[in-house]
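K.L.:
Show me the folded form of this:
(one chain, ligands or ions: 1)
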Amino acid sequence: MDNLKQLKNEEIIDLIKSGKVGAAELTDSGICPTCFDRENGNVLYGDNTGKIIFEDDKFECFLVGNPRADGHTAISTKAHFKDMMAIDDETCKEIFVLAKKVMNIIKDVYNAESVYLCTMCDGPMNHFHVQLIPRYSFEKRGSKNFVKPRAEYKEDREKLLELRKQLNYKQHE
Ligand SMILES: [Zn+2]
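P.N.:
Numbers count the residues shown, from 1 in each chain. A predicted model of the protein is given here:
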């Protein structure tokens, strides 16, 4: 499916809703899945307001819906950048300073032994984000932590509220 760009938004939305098109197909067609989702009522990823742990003018930080570990978190820019190579230096500095802060807080709140960081936005179109993946004491160190099996997100209300508190995030209704 390489002609999604020729379709109307409504047609793409219908394909997403029917399960025929997902993030990978949008990416392959040169459509940013993250921006498409944000501009079309979260049709692709669903409403993530319950998973947001920090937000400001430039960044959104949230627990991922299909985590590779408890506390698996993503930070993405609000503005569109294809990948890390496309961001400006100021944004680069800011997201790494923010990532450092969030990593320390995740380590503390989840009692992780370490937290890994990766970014691998790829394909014809993507939306820059970094992933923070905790590594626990019962897990071996090393790169296999980047590909731990994904699980379904289960809310841990206490930890969620603690993350928000430490990141000084007040959720507006
Ligand atoms: Zn985008």
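K.L.:
For Val115, identify the helix or strand it belongs to.
P.N.:
Element membership for Val115, per DSSP states H and E: strand 114-118.
K.L.:
Surely Glu94 is within a helix?
P.N.:
Yes - the assignment for Glu94 is a helix, going by DSSP: H, G, I helix; E, B strand; the rest coil.
K.L.:
Does it touch Lys58 like I think?
P.N.:
Yes - counting by CB atoms under 8 Å, Glu94 touches Lys58, with 6.6 Å between them. Glycine gets a C-beta too; all of them are placed from N, C-alpha and C.
K.L.:
Just want to know which of these two has more residues nearby.
P.N.:
Glu94 (16 against 13; other CB atoms under 10 Å).
K.L.:
got the contact list for that one?
P.N.:
By CB atoms under 8 Å, 6 or more residues apart in numbering, the residues touching Glu94 are Lys58, Phe59.
K.L.:
again, 10 Å this time
P.N.:
Glu94 is in contact with Asp56, Lys58, Phe59, Thr77, Ile87, Asp88, counting by CB atoms under 10 Å, 6 or more residues apart in numbering.
K.L.:
Which of those sits closest to the ion?
P.N.:
Thr77 (8.3 Å; CB to the ion).
K.L.:
before we move on, back to that, and for Glu94 and Lys58, which residues touch both?
P.N.:
In terms of CB under 10 Å, 6+ apart, Glu94 and Lys58 are both contacted by the residues Thr77.
K.L.:
rewinding a little: any idea of the mean pLDDT for the strand holding Val115?
P.N.:
Averaging pLDDT along strand 114-118 gives 98.
K.L.:
In its sheet, which strands sit next to that strand, and in what direction?
P.N.:
strand 129-135 (antiparallel) (DSSP bridges).
K.L.:
how close does Cys32 get to Arg38?
P.N.:
Per CB to CB, to the nearest Å, Cys32 is found 9 Å from Arg38.
K.L.:
distance between the strand holding Val115 and the chain's centre?
P.N.:
14 Å (CA atoms, centre = their mean, to the nearest Å).
K.L.:
can you list contacts of stretch 42-52?
P.N.:
For stretch 42-52, contacts defined as CB under 10 Å, 6+ apart pick out 9, 12-14, 16-17, 21-23, 26, 33-34, 36-38, 41, 55, 60-65, 67, 73-74, 153, 155, 157, 160, 163-164, 167, 169, 171-173.
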